[in-house]
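Student: Predicted model follows, preceded by the sequence.
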Amino acid sequence: MIERLINIDRRLIFVLVAMAVTIPLLARFNLPVRTTKEVENIYNKINSLPKNSHILIAFDYDPASKEELQPMAEALLHHCYRNDIKVVGMTLNPGGTGLAVRAIEDIGKEYGKTKGADFVFLGYKTGVELVMINMGENIFSAFPQDFHGNATIDLPVLNGVDSLEDFDYVVDLASGSSIEAWIAFGKEKYGFDFGAGCTAVIGPDMYPFMQSEQLNGLMSGLKGAAEYETLIERESSAVAGMSPQSVVHVLVVLFVLFGNAMYFLSRKKR
Amino acid sequence: MNFFKRTVPLFIAFTMGVMMAFQYYVPHEMSQSLLKIVSRWGITIGGFAVFLGAYSLFHLHLTKIKRKLSGWGYSIFVFFGAGITIIFGLYNGGEFFWNDKQEGTMFEWIYFNVQVPAGATMFSILAFFMASAAYRTFKARTNEATILLIAAIIVMLGRVPIGTMISQYIPVAADWIMSVPNMAAKRGILIGVSIGAIATSLKIIFGIERAYLGGGD
């Protein structure tokens, strides 16, 4: 019996996980989200920026990590537009262009912002570190045209911005190793204030950069996005996602405890 | 031939490596314009990697189809998907590729209705495998494994709102694990990786590491 429970059919586990995700979504209950200092730092930094400041958001993710990073991007954009901050978007991931342009432009329109004057999406450029260095030297050289083919030199949104040094804040939303690259080839070289958002898997890797103050703030996973939504008082998909995520986490903990109990019982039996 | 295959690349690697290392510490105008030129060159060369990647992908799947290797049927979908996407990308809503990007095109439809849901599905499947793997393999077999297991449970509960509802100390403990033992370990790994990267860079600059030239030496 114990052996059978240890080697339980994985399909049963899959069914339980599926139920743990769908039932909280259908029941629609929201859990209170406690905010952390790491996320509050990004929120406070954006609040401290005067009107018409420039923020660069790097959408360095693709559809595979959209569920965690798109809510972060949307919450961040709502906050920036609400505070009349000029938004400049770009991506180092070719798969991220569609998600980025939709978020920047759709949310911008919600706040009555004008493309080219209040926000711009520069698009994708290959080269990662080299793009950062090139942007640090001259942003118009790195991106002569925006995503829609307009000459960047003519865009009012970029008035007062020549290089990375001129941005009041830079945020990288990453599903890969781009945060480290932004620190080494961007922040350290050109000295801008830098915050980041990343998938929950990458989150633990970023803590040394927090203590060294190379990152001023960090949003990690869907929880980070939910915290940001709570801070800007605009609860959306990330906060809604906290209930299924909570139930699945509890379920996995129960699986681990049950699996260990069975393991020790089987050892005792032998 | 050996001169062009070996000596010239080694000379370029040495010269550029030394120059770029010096450049980092010299804020002179000449140095800055060199960096600008080199980074633009790098971006241009990087663009060619896309063609190499596409060639490699198509070559691999064409070979699979030709040799009828296992799962060769899936390879047909690679050509089918890539072909359709490229055609609609170039067609650009009837304006063709030399015009600005058009909105509401078939290319955009494919992106939002095929690539985005497919990518999200791939990512979400992880939850099922992780739950199954946690049940089967995460056992307290040794003292170290027990510590890891306890830490994992605290962090898992502490990173979701339900943790606060169980006990207000769980998120505090999770934060401590993340910002003290986790950070110490990550910092150690980071320092090790960075020293390794510096050593490899020096080996490439001085021609000790030649794997990038091909031939396995």
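Tutor: That came through fine. Numbers count the residues shown, from 1 in each chain, chains lettered A, B, ... in the order given.
Student: and the helix of greatest length in chain B, does that touch chain A?
Tutor: The residue-count maximum for a helix in chain B (DSSP state H) belongs to helix B:29-66. Yes: Helix B:29-66 comes into contact with chain A (Cβ under 8 Å from any Cβ of the partner chain), by way of B:32, B:35-36, B:39-40, B:42-43, B:46-47, B:49-50. C-beta here means a position set from N, CA and C on the backbone, and glycine is covered the same way.
Student: Give me the buried positions along that helix.
Tutor: For helix B:29-66, a neighbour-count test (16 or more other Cβ atoms under 10 Å in any protein chain shown) marks B:31, B:34-36, B:38-40, B:42-43, B:46, B:61, B:64 as buried.
Student: quick one: which two of those residues are the most distant?
Tutor: Maximum pairwise distance among those (Cβ to Cβ): 49.0 Å, between B:Ser31 and B:Lys64.
Student: Contacts only, for residue 85.
Tutor: Defaulting to chain A. A:46, A:49, A:51-55, A:168 (Cβ atoms under 8 Å, 6 or more residues apart in numbering or on different chains).
Student: That was the other one, I meant chain B.
Tutor: B:107, B:110.
Student: where are the low-confidence patches of the chain?
Tutor: In the absence of a named chain, chain A is used. By pLDDT under 70, the weakly predicted segments of chain A are A:270.
Student: that answer is for a different chain, and I need it for chain B
Tutor: In chain B (pLDDT under 70), the answer is B:1, B:215-217.
Student: can you give me the helices for it?
Tutor: Going by DSSP H, chain B shows helices at B:2, B:8-25, B:29-66, B:72-91, B:106-110, B:116-137, B:143-158, B:161-166, B:169-179, B:181-205.
Student: Spatially nearest residue to whichever residue of chain B sits closest to chain A (excluding sequence neighbours)?
Tutor: For chain B, the residue closest to chain A is B:Gly119, as judged by Cβ to the nearest Cβ, at 3.1 Å. Among residues not flanking B:Gly119 along the chain, A:Pro63 sits closest, at 3.1 Å (Cβ to Cβ, 6 or more residues apart in numbering or on different chains).
Student: Over to A:Met210?
Tutor: Distances taken as Cβ to Cβ, 6+ apart place A:Leu218 nearest to A:Met210, at 5.9 Å, with adjacent residues excluded.
Student: which stretch of helix or strand covers the one you found?
Tutor: Secondary-structure element containing A:Leu218, defined by DSSP states H and E: strand A:217-220.
Student: what packs against that strand?
Tutor: Contact here means 3 or more Cβ pairs under 8 Å, 6 or more residues apart in numbering or on different chains; DSSP states H and E; on that basis strand A:217-220 packs against helix A:37-48, strand A:194-198, helix A:221-231.
Student: mind redoing it with 6 Å?
Tutor: Packed against strand A:217-220 by the contact rule (3 or more Cβ pairs under 6 Å, 6 or more residues apart in numbering or on different chains; DSSP states H and E) you find helix A:37-48, strand A:194-198.
Student: Kindly tell me how buried whichever residue of the stretch 51-200 of chain A sits closest to chain B is, as a neighbour count.
Tutor: Closest to chain B within the stretch 51-200 of chain A is A:Pro63: 3.1 Å, counting by Cβ to the nearest Cβ. Neighbours of A:Pro63 under the rule other Cβ atoms under 10 Å in any protein chain shown: 25.
Student: That one against B:Pro117, yeah?
Tutor: No: using Cβ atoms under 6 Å, A:Pro63 makes no contact with B:Pro117, being 7.8 Å away.
Student: So what's the residue count around A:Val33?
Tutor: A:Val33 has 22 neighbouring residues, counting by other Cβ under 10 Å.
Student: Quick check: phi and psi at it.
Tutor: phi -100, psi 120 (degrees, to the nearest 10).
Student: Could you report the distance from it to A:Met132?
Tutor: For A:Val33, the distance to A:Met132 equals 33 Å [Cβ to Cβ, to the nearest Å].
Student: quick one: the strands in chain A?
Tutor: Under the criterion DSSP state E, chain A carries strands at the ranges A:54-60, A:86-91, A:119-124, A:169-174, A:194-198, A:217-220.
Student: okay if I get these as TSV plus mean neighbour count?
Tutor: Formatted as TSV, the strands of chain A follow (neighbours: other Cβ atoms under 10 Å in any protein chain shown):
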stretch	mean neighbour count
strand A:54-60	26
strand A:86-91	25
strand A:119-124	23
strand A:169-174	26
strand A:194-198	29
strand A:217-220	27
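Student: Distance to B:Met19 added to those, as a markdown table?
Tutor: As requested, these are exported to a markdown table (distance: least, Cβ to Cβ, whole Å):
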| stretch | distance to B:Met19 |
| --- | --- |
| strand A:54-60 | 28 |
| strand A:86-91 | 28 |
| strand A:119-124 | 29 |
| strand A:169-174 | 28 |
| strand A:194-198 | 28 |
| strand A:217-220 | 35 |
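Student: rewinding a little: and the longest helix of chain B, what other elements does it pack with?
Tutor: By 3+ Cβ pairs under 6 Å, 6+ apart, helix B:29-66 packs against helix A:129-137, helix B:72-91.
Student: which of these sits most buried?
Tutor: For those, the largest average neighbour count (mean count of other Cβ atoms under 10 Å in any protein chain shown) is found in helix A:129-137, namely a mean of 23.
Student: what does it contact?
Tutor: Contacts to helix A:129-137, defined as Cβ atoms under 6 Å, 6 or more residues apart in numbering or on different chains, come from residues A:125, A:142, A:163-164, A:181, A:185-186, A:189-190, B:36, B:39, B:42-43.
Student: Swap in 8 Å and give it another go.
Tutor: By Cβ under 8 Å, 6+ apart, the surrounding residues in contact with helix A:129-137 are A:92, A:125, A:127, A:141-143, A:163-165, A:181-182, A:184-186, A:189-190, B:32, B:35-36, B:39-40, B:42-43, B:46.
Student: quick one: that helix to chain centroid distance?
Tutor: Relative to its parent chain, helix A:129-137 has a centroid offset of 22 Å by Cα atoms, centre = their mean, to the nearest Å.
Student: quick one: it to strand A:169-174, angle?
Tutor: Calculated by axes from the mean of the first three to the mean of the last three Cα atoms, to 10 degrees, helix A:129-137 forms an angle of 170 degrees with strand A:169-174.
Student: how much does helix A:129-137 deviate in direction from strand A:54-60?
Tutor: Using the same axes, to 10 degrees: helix A:129-137 against strand A:54-60 is 170 degrees.
Student: returning to what we had before: the strands of chain A: which one's closest to A:Thr230?
Tutor: Closest to A:Thr230 of the strands of chain A, according to Cβ to Cβ: strand A:217-220, at 11.7 Å.
Student: Now do that closest one: distance to the chain's middle.
Tutor: Taking Cα atoms, centre = their mean, one finds strand A:217-220 lying 8 Å from the centre of the chain it belongs to.
Student: Please name the strands paired to that strand in the sheet, noting orientation.
Tutor: Strand A:217-220 has the following sheet partners, assigned by DSSP bridges: strand A:194-198 (parallel).
Student: Cool, thanks, signing off.
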